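Participant: Model the structure of this input:
(2 chains)
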Amino acid sequence: MATRDRKRYGSELVGESGRLLPAVGLLGGLAVWWAVTALGSGIITNFAPAAAFAVLADLVVSPAFYDHVFVSVYRFAVALALSLTVGLPIGLVVGYFGAAEKATTVLFQFMRMISPLAWFPIAIIVFGVGTRSAVFIMFMAGVWPVVLNTAHGVATIEDDWITVGESLGGDTRALLRRVVVPAVIPDMLTGVRLSIGILWIILVPAEMLGVNTGLGYLILDARDRFAYAEIPAVMLVIGTIGFALDAAVRRLHARRTWE
Amino acid sequence: MSLESRAATDDGGDEPDARSDAASAVGADAGDADRRADDAASVVADDLTKRYDDTLVFDGLDLSVAPGEVCCLLGPSGCGKTTLLHLLAGLEDPTDGRVEIDGEAVTGPDYRWGVVFQDPLLYPWLSVRENVEIGPRLRGEEPDPDHVDELLELVGLDGVEDADTSDLSGGMAQRASLARTLANEPEVLLLDEPFSALDQLTKMELQDELLRIVDELGVTTVFVTHDIDEAVYLGDRVAVMGPVPAGIERVESIDSETRSRGDEAFVEERAAVFEHLEAVGIQ
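Facilitator: Numbering: from 1, shown residues only, chains lettered A, B, ... in the order given. Below you'll find the predicted structure:
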């Protein structure tokens, strides 16, 4: 409600266009970025927006750069697939059986609080240097929102919906397929959306530790090559892809939510 | 108490015949309604006792609803009428006694005894039409599109079949809920105060439509309500329940052939039944 009121308030200020205010915000951010690098002195001036956009223009026409983008997106996709494959069934079981929920709540909250990066040495020892370690670290971060939101969705499903389904003649399997799963989808998608955000954030540090491809690696590599302007340029790419991913899943979420 | 309910049930024993005749008369121009009327099932509650922990809801309750009959369960809130309906529907187990539908013991919910709940409880992720189709689908059958069309028309929802359930008014949602239950072609229709949340005009409209539909399908109907007006208008018989744990205190027969809000005889009779019921202590 509050957001709706604010939206109406905002649209009075800018007319019917909903694009103006976000653009103002982006320009504001750009201005701060420019001010900090232009008014500062020393090494910080290397990170100025003009230089960054110049490097970005070169990067987006460079085939080698896309190799890094694709490998990052690939790792992200594998980690997401893994998080869903493991997280959805666990979430369904934990949400459905009260005993399973009681047994796992403390464990999951405990595990969730261990930074996924803390797993890094173990990952390297077990999986060796490479994509598998990076994916494992991302998975350790991304699986929890899927588990917890799915479980919450199953646990809070309206009992009456089940009762109706039973009285209409559905057996357990039919009820699961036609009532429980569709009823839980909005919560699942909330979990997926949170997971996507976390996975994309963890991708960068995961790629800084033990791989030599990908956007995270590229940032460290740029530093080592003293190509300072490349760092904010890559950051812009990371932000753009993450924003697009979130927008896509948010649209999906809006379509599948009925309230 | 159980003796009294038995006696009361017997009082109404000859009423269902009159009702069946009425149903057939209406059914004659309704195509296959006669076939369905023949399929109609009896509902029998035999020496039914229900207890929650230390609350006795009723004890040794008997009720017999003839095939094709509309029986209203009338009583003040908390009298156990919804509990009784749940027992008839197999949604709850009796502490003692048994329920039989069409001679078969009720041990759990079944599509053959369809329930319409107080809230429409439509599935919000499905369209109106998909909600009506969900019964057959839950039973692993492909819904017959013609039958679904018929039902949507029967409840007056043709034209909004693709709408989201959240766009329906309360009355329309309850129509959809009724159609959803009817899509299973139940032998018995069990309704739990389905119109109690609706405004008076919508309620009257839906009462008339329910009567029309029940007449057309010839389906045995048990209708729970706390509204005397509604019970007398809809029921061939009205079973009056007293405060817990009284159970069914008496059963009134209503002359359904003169049923019309405008018919003077009916209005008079209703007034008489009203007084009767009020004397029993329902307000």
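Participant: avg pLDDT for stretch A:155-162?
Facilitator: What stretch A:155-162 shows for mean pLDDT is 91.
Participant: Tell me the secondary structure at residue B:48.
Facilitator: strand (DSSP: H, G, I helix; E, B strand; the rest coil).
Participant: nearest spatial neighbour of it, skipping sequence neighbours?
Facilitator: Distances taken as C-beta to C-beta, 6 or more residues apart in numbering or on different chains place residue B:97 nearest to residue B:48, at 3.8 Å, with adjacent residues excluded. For the C-beta atoms, the positions are set from N, CA and C on the backbone; glycine is no exception.
Participant: So what's the residue count around residue B:237?
Facilitator: Other residues near residue B:237 come to 26 when the count uses other C-beta atoms under 10 Å in any protein chain shown.
Participant: again with residue A:71
Facilitator: Using other C-beta under 10 Å: residue A:71 sits among 18 other residues.
Participant: Name the next helix or strand downstream of the helix or strand encompassing it, please.
Facilitator: Secondary structure from DSSP states H and E places residue A:71 in helix A:63-96. Using DSSP H and E, the helix or strand that directly follows helix A:63-96 along the chain is helix A:98-112.
Participant: Close to chain B: what parts of chain A are there?
Facilitator: Chain A comes close to chain B at residues A:158, A:160-161, A:163-170, A:174-175, A:178-179, A:182-183, A:185, A:256, A:258-259, as judged by C-beta under 8 Å from any C-beta of the partner chain.
Participant: In helices, which of those residues appear?
Facilitator: Of these, the ones assigned to helices by DSSP state H are A:160-161, A:163-167, A:174-175, A:182-183, A:185, A:256.
Participant: Would you list the buried entries among those residues?
Facilitator: When those are checked for burial by 16 or more other C-beta atoms under 10 Å in any protein chain shown, the buried set is A:161, A:163-167, A:174-175, A:182-183, A:185.
Participant: can I get those residues in CSV with distance to residue B:218?
Facilitator: Listed next are those as CSV, based on distance: C-beta to C-beta, whole Å:
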residue, distance to residue B:218
A:161, 30
A:163, 27
A:164, 24
A:165, 27
A:166, 26
A:167, 21
A:174, 29
A:175, 30
A:182, 34
A:183, 35
A:185, 40
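Participant: which regions of chain B sit below the pLDDT cut-off?
Facilitator: Within chain B, the segments meeting pLDDT under 70 span B:1-39, B:256-262, B:276-283.
Participant: what about the helices in it?
Facilitator: B:2-11, B:15-27, B:33-39, B:81-89, B:128-138, B:145-154, B:170-182, B:200-217, B:228-234, B:264-280.
Participant: Specify the angle between the fourth one and helix A:159-167 in degrees.
Facilitator: It stands for helix B:81-89. 40 degrees (axes from the mean of the first three to the mean of the last three C-alpha atoms, to 10 degrees).
Participant: Could you check helix B:81-89 against chain A for contacts?
Facilitator: Yes: Helix B:81-89 reaches chain A (C-beta under 8 Å from any C-beta) through residue B:89.
Participant: Just the C-alphas of that helix, formatted as CSV.
Facilitator: Extracted C-alpha coordinates of helix B:81-89, given in CSV (Å, rounded to 0.1, in the frame of the first residue of the first chain):
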residue,chain,number,x,y,z
LYS,B,81,-24.5,-28.0,12.4
THR,B,82,-21.2,-27.5,10.5
THR,B,83,-19.7,-30.3,12.5
LEU,B,84,-22.6,-32.5,11.4
LEU,B,85,-22.1,-31.5,7.8
HIS,B,86,-18.4,-32.3,8.1
LEU,B,87,-19.3,-35.8,9.5
LEU,B,88,-21.7,-36.3,6.6
ALA,B,89,-19.0,-35.3,4.2
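Participant: ok, which residues in the stretch 1-150 of chain B are in contact with chain A?
Facilitator: B:89, B:91, B:108-111, B:113-115, B:117, B:119, B:121, B:123-126, B:134-135, B:137-140.
Participant: Which among those count as buried?
Facilitator: Neighbour counting with 16+ other C-beta under 10 Å marks B:89, B:91, B:109-111, B:113-115, B:117, B:119, B:121, B:123-126, B:134-135, B:137-138 as buried within the residues of the stretch 1-150 of chain B next to chain A.
Participant: So for the spatially most central residue of chain A, what's the nearest residue that isn't a sequence neighbour?
Facilitator: Central residue of chain A (C-alpha atoms, centre = their mean): residue A:197, 1.5 Å from the mean position. Among residues not flanking residue A:197 along the chain, residue A:246 sits closest, at 6.2 Å (C-beta to C-beta, 6+ apart).
Participant: residues in contact with the one you found?
Facilitator: Neighbouring residues of residue A:246 by C-beta atoms under 8 Å, 6 or more residues apart in numbering or on different chains: A:193, A:196-197.
Participant: So which of those residues are in helices?
Facilitator: Per DSSP H, those map to helices at A:193, A:196-197.
Participant: Next, format those residues as TSV and append pLDDT.
Facilitator: Formatted as TSV, the ones in helices among the contacts of residue A:246 follow (pLDDT from 0 to 100):
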residue	pLDDT
A:193	92
A:196	94
A:197	93
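Participant: With respect to chain B, which of the residues you listed is nearest?
Facilitator: Lowest distance from chain B to these (C-beta to the nearest C-beta) belongs to residue A:193, with 17.9 Å.
Participant: Next, count neighbours for the closest one.
Facilitator: Residues lying near residue A:193 (other C-beta under 10 Å) number 19.
Participant: so how far is chain B from the nearest residue to it once chain neighbours are set aside?
Facilitator: Spatial nearest neighbour of residue A:193, chain neighbours left out: residue A:249 (4.8 Å); criterion: C-beta to C-beta, 6+ apart. As for residue A:249, its distance to chain B is 18 Å (criterion: C-beta to the nearest C-beta, to the nearest Å).
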